[in-house]
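[1] Please work out how this folds:
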Amino acid sequence: MTTAGNTLLVRSQKKHVAVLMGGWSAEREVSLVSGAAVARALEDEGYTVTAVDVQRDIDGLVRALTPRPDVVFNALHGRGGEDGTIQGVLEFLGLPFTHSGVRASAIAMDKAMTKRVLDTVGVRSPAGRVVSRAELFDLFAAGAHPMEPPYIIKPVDEGSTVGVTLVREGQNAPLESDWACGDRALVEEFIAGRELTVGVMDGRALAVTEIAFTTELFDYTAKYTAGHARHILPADIPAAVAEEAKRLAVLAHETLGCRGVTRSDFRWNPAKPGVEGLYFLELNNQPGMTPMSLVPEQAAHAGIPYGALVGWMVENAVCLHD
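    Reported below is the predicted structural model:
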């Protein structure tokens with residue numbers, strides 16, 4: 001048996017789990033590491049595991065899922081695997097799968113849509129707007145900016161901080177290679193301060209981690225390169241700020257209709273009083289499961305080893321599907 005929150009799940013050691021990994025997004029390499037770690041842990045927990053390197057081929061995916069597994073562990077990240085696409089295929093096939101369904105996945109992957117939905121329940125995020133690539137080109141060509149610097153340019157629908165760029169005061173327009181965001185980008189005011197993140201499992205917050213990084217911005221390199229970021233767990237912040245971050249993470253998880261495990265990221269400006277400096281940045285609907293990842297670390301801090309965590313995610317998916 002394995003427990004999480006108020007849920008008690010009975011584990012069958014004979015379940016066949018297909019672990020989806022890879023995919024075709026900018027986060028393919030991270031997904032392969034996540035998926036391999038999940039597959040090893042599930043095998044150690046007594047499951048029969050089939051690892052599937054997902055390509056842009058639905059027929060191939062269906063063949064890889066034959067014979068039919070009992071449940072699918074979705075370790076994909078980014079477009080195609082995290083935005084409702086694969087979730088729709090799995091729902092059509094009638095297969096239980098980890099993490100959220102089509103609608104919640106699609107909303108969570110779209111940062112601008114997430115901001116709009118969560119604003120209706122009082123979750124504050126940095127001021128910002130969506131701009132097209134063409135509009136950015138025109139503004140930068142004219143020596144103008146989409147908003148007063150400092151600000152962040154980020155893809156609307158990528159994860160792992162892919163393409164995130166900080167534009168400082170007095171800085172010229174960034175090169176296109178620095179802010180490659182597809183056809184649309186989200187431009188947000190830069191919140192000075194500290195980076196916080198909160199994992200949510202079974203509707204409860206696990207912990208608050210502060211991410212202290214050597215680069216000026218917690219970008220892809222800082223996130224996935226050893227030595228560039230330090231995780232402070234639990235975060236050394238006022239209790240009121242920690243509790244508010246936990247409350248907002250659970251509220252975001254529930255408002256978007258997520259299930260299983262999510263992780264919400266925040267910026268906190270300690271120069272502001274109370275919790276006024278706390279801003280929601282984004283919700284990660286399928287947070288990383290690499291050895292360096294934050295949710296497994298927070299789960300371990302809460303007394304849930306990695307194997308028990310992924311086992312719970314599998315059993316929870318089956319339970320919700322039944």
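[2] which residues of the stretch 201-322 of the chain fall in helices?
    220-224, 239-255, 294-301, 306-321 (DSSP state H, counting those that start in this stretch).
[3] Pick out the shakiest of the ones you listed, pLDDT-wise.
    Mean pLDDT per stretch puts helix 220-224 lowest among the helices of the stretch 201-322 of the chain, at a mean of 48.
[4] how about the helices of the stretch 201-322 of the chain, which one is nearest residue 117?
    Of all these, it is helix 239-255 that lies closest to residue 117, at 6.4 Å by Cβ to Cβ. In this view, the C-beta of every residue, glycine as well, is placed from N, C-alpha and C.
[5] From residue 312, how far out is residue 31?
    When distance is defined by Cβ to Cβ, to the nearest Å, residue 31 is 20 Å away from residue 312.
[6] Looking only at neighbour counts, state which of these two leads.
    Between residue 31 and residue 312, residue 31 has the larger neighbour count (other Cβ atoms under 10 Å), namely 29 against 25.
[7] got any ranges where the chain has weak pLDDT?
    For the chain, the stretches flagged by pLDDT under 70 are 1-13, 158-163, 172-182, 214-228, 322.
[8] what about the strands in it?
    Taking DSSP state E, the strands of the chain run over residues 2-4, 7-9, 16-22, 48-54, 71-74, 128-132, 151-155, 165-167, 184-189, 194-201, 204-213, 229-232, 261-268, 278-284.
[9] Next, format the ones you listed as TSV and append mean neighbour count and distance to residue 249.
    Listed next are those as TSV, based on neighbours: other Cβ atoms under 10 Å; distance: least, Cβ to Cβ, whole Å:
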stretch	mean neighbour count	distance to residue 249
strand 2-4	18	16
strand 7-9	14	18
strand 16-22	24	25
strand 48-54	19	28
strand 71-74	26	21
strand 128-132	16	20
strand 151-155	22	20
strand 165-167	20	24
strand 184-189	21	19
strand 194-201	24	4
strand 204-213	20	5
strand 229-232	16	16
strand 261-268	25	4
strand 278-284	23	8
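[10] okay if I get those strands as TSV plus distance to residue 38?
    Formatted as TSV, the strands of the chain follow (distance: least, Cβ to Cβ, whole Å):
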stretch	distance to residue 38
strand 2-4	15
strand 7-9	17
strand 16-22	5
strand 48-54	9
strand 71-74	6
strand 128-132	33
strand 151-155	25
strand 165-167	31
strand 184-189	30
strand 194-201	15
strand 204-213	18
strand 229-232	20
strand 261-268	12
strand 278-284	16
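[11] What ranges does the stretch 1-150 of the chain have for its helices?
    Using DSSP H, counting those that start in this stretch, helices in the stretch 1-150 of the chain cover 28-44, 58-64, 85-93, 102-109, 111-119, 133-141.
[12] of all those helices, which lies closest to residue 277?
    Going by Cβ to Cβ, the one of those nearest residue 277 is helix 111-119, 17.7 Å.
[13] Now do the buried residues in the closest one.
    Buried residues in helix 111-119, counted by 16 or more other Cβ atoms under 10 Å: 111, 112, 113, 114, 115, 117, 118.
[14] from those, which is closest to residue 36?
    For those, the nearest to residue 36 is residue 111 (27.8 Å; Cβ to Cβ).
[15] circling back to that earlier point, residue 73 is nearest to which of the helices of the stretch 1-150 of the chain?
    helix 28-44 (5.7 Å).
[16] Only alpha carbons, please: show that closest one as PDB.
    Only the C-alpha atoms of helix 28-44 are listed here, as PDB (Å, rounded to 0.1, in the frame of the first residue of the first chain):
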ATOM      1  CA  ARG A  28      13.100  16.100 -25.400                       C
ATOM      2  CA  GLU A  29      16.400  15.400 -23.700                       C
ATOM      3  CA  VAL A  30      15.000  16.300 -20.300                       C
ATOM      4  CA  SER A  31      12.000  14.000 -20.900                       C
ATOM      5  CA  LEU A  32      14.300  11.100 -21.800                       C
ATOM      6  CA  VAL A  33      16.100  11.500 -18.400                       C
ATOM      7  CA  SER A  34      12.800  11.800 -16.500                       C
ATOM      8  CA  GLY A  35      11.400   8.800 -18.300                       C
ATOM      9  CA  ALA A  36      14.400   6.600 -17.700                       C
ATOM     10  CA  ALA A  37      14.400   7.400 -14.000                       C
ATOM     11  CA  VAL A  38      10.700   6.700 -13.700                       C
ATOM     12  CA  ALA A  39      11.000   3.400 -15.600                       C
ATOM     13  CA  ARG A  40      13.900   2.200 -13.300                       C
ATOM     14  CA  ALA A  41      12.000   3.200 -10.200                       C
ATOM     15  CA  LEU A  42       8.800   1.500 -11.200                       C
ATOM     16  CA  GLU A  43      10.700  -1.700 -12.100                       C
ATOM     17  CA  ASP A  44      12.300  -1.600  -8.600                       C
END
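[17] No more questions from me, cheers.
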